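Novice: With the input below, show me the fold.
(one chain, ligands or ions: 3)
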Amino acid sequence: MPADRTSTSSHPRTTELAGLKIRLHSALRQYPDFPSPGVLFEDILPIFSDARLHQDLVRALEIQVLDCYGQDNKPDVLVGLEARGFLFGPSLALRLGAGFVPVRKQGKLPGSTETAKFVKEYGEDHFQIQRDAIKPGQKVIVVDDIIATGGSAAAAGSLVTKLGGKLHGYLFLLELDFLKGREKLDAPVYTLLSSQ
Ligand SMILES: O=P(O)(O)OC[C@H]1O[C@H](OP(=O)(O)OP(=O)(O)O)[C@H](O)[C@@H]1O
Ligand SMILES: Nc1ncnc2[nH]cnc12
Ligand SMILES: [Mg+2]
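Specialist: Numbers count the residues shown, from 1 in each chain. Ligands and ions are numbered 1, 2, ... in the order given. This next block holds a predicted model:
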């Protein structure tokens with residue numbers, strides 16, 4: 001009897017990821033008009049006050065990276081953005097066997113730094129990275145909680161490129177689709193959830 005090639009059964013990791021996404025999505029909270037009028041603020045913090053959801057998040061992101069890049073093409077470094085990208089970036093990096101490098105708001109990092117200005121959904125700022133944090137040719141994924149206008153992530157990507165890193169892609173927990181932030185990014189963009 002030939003194998004059934006019409007089977008729709010999926011990889012166990014795909015099924016696991018679908019369940020994780022449902023739980024994570026239901027943990028998000030929305031706050032209208034925060035931090036300024038007209039902004040619907042998506043609060044991811046309830047995920048971290050619950051140990052199971054916290055584990056779900058790191059596992060879901062790990063699956064996403066493995067599914068998108070494969071075991072043989074994993075990143076060397078994850079770059080996380082201050083502040084919310086610091087909440088899970090280091091845990092995910094450990095799972096993947098990658099390094100973790102912070103991008104911080106201006107004036108926080110010692111030594112020689114590169115700087116990039118950015119505009120985000122509700123303000124503007126400067127990001128910095130330490131010049132020796134990434135070695136030329138290293139494969140880098142930028143990770144953050146939310147992509148809104150994409151201004152923050154694009155600035156972080158430009159810092160990675162300035163240091164000679166190979167921008168492998170961007171990874172977010174949540175995408176605010178209607179702001180079309182991914183159009184500002186010139187490497188593959190992966191998001192677990194989308195909203196609005
Ligand atoms: O796509 P964008 O329009 O650039 O917006 C997304 C960014 O905005 C938020 O950071 P924010 O600096 O506001 O706060 P945080 O320090 O708590 O991360 C969010 O954590 C993303 O980093
Ligand atoms: N609507 C939003 N909610 C939470 N964080 C954000 N960062 C940028 N826009 C945001
Ligand atoms: Mg942020």
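
Novice: quick one: low-confidence ranges for this protein?
Specialist: Within the chain, the ranges that satisfy pLDDT under 70 run 1-9, 196.

Novice: and if we set it to 90?
Specialist: For the chain, residues meeting the criterion pLDDT under 90 lie at 1-12, 195-196.

Novice: Which strands and helices lie in contact with the longest strand along it?
Specialist: Across the chain, the longest stretch assigned as strand under DSSP state E is strand 166-176. The elements that strand 166-176 packs onto, with contact taken as 3 or more C-beta pairs under 8 Å, 6 or more residues apart in numbering; DSSP states H and E, are helix 51-69, strand 139-147, helix 151-162, strand 189-195. Bear in mind the C-beta positions are built from the backbone N, C-alpha and C, glycine included.

Novice: what does the last one rub up against?
Specialist: Contacting residues not belonging to strand 189-195 are listed as 21, 24-25, 28, 42, 60-61, 64-65, 68, 147, 169-177, 182 [C-beta atoms under 8 Å, 6 or more residues apart in numbering].

Novice: what are the pairing partners of that strand, and which direction each?
Specialist: Applying DSSP bridges, strand 189-195 is found paired with strand 166-176 (parallel).

Novice: Is the strand it pairs with in proximity to ligand 1?
Specialist: No: for strand 166-176 and ligand 1, the contact criterion (C-beta under 6 Å from any ligand atom) is not met; the two come no nearer than 7.6 Å.

Novice: could you point out which element follows the helix or strand harbouring residue 116?
Specialist: Under the criterion of DSSP states H and E, residue 116 resides in strand 113-120. Elements were assigned by DSSP H and E; along the chain past strand 113-120, the next helix or strand is strand 123-130.
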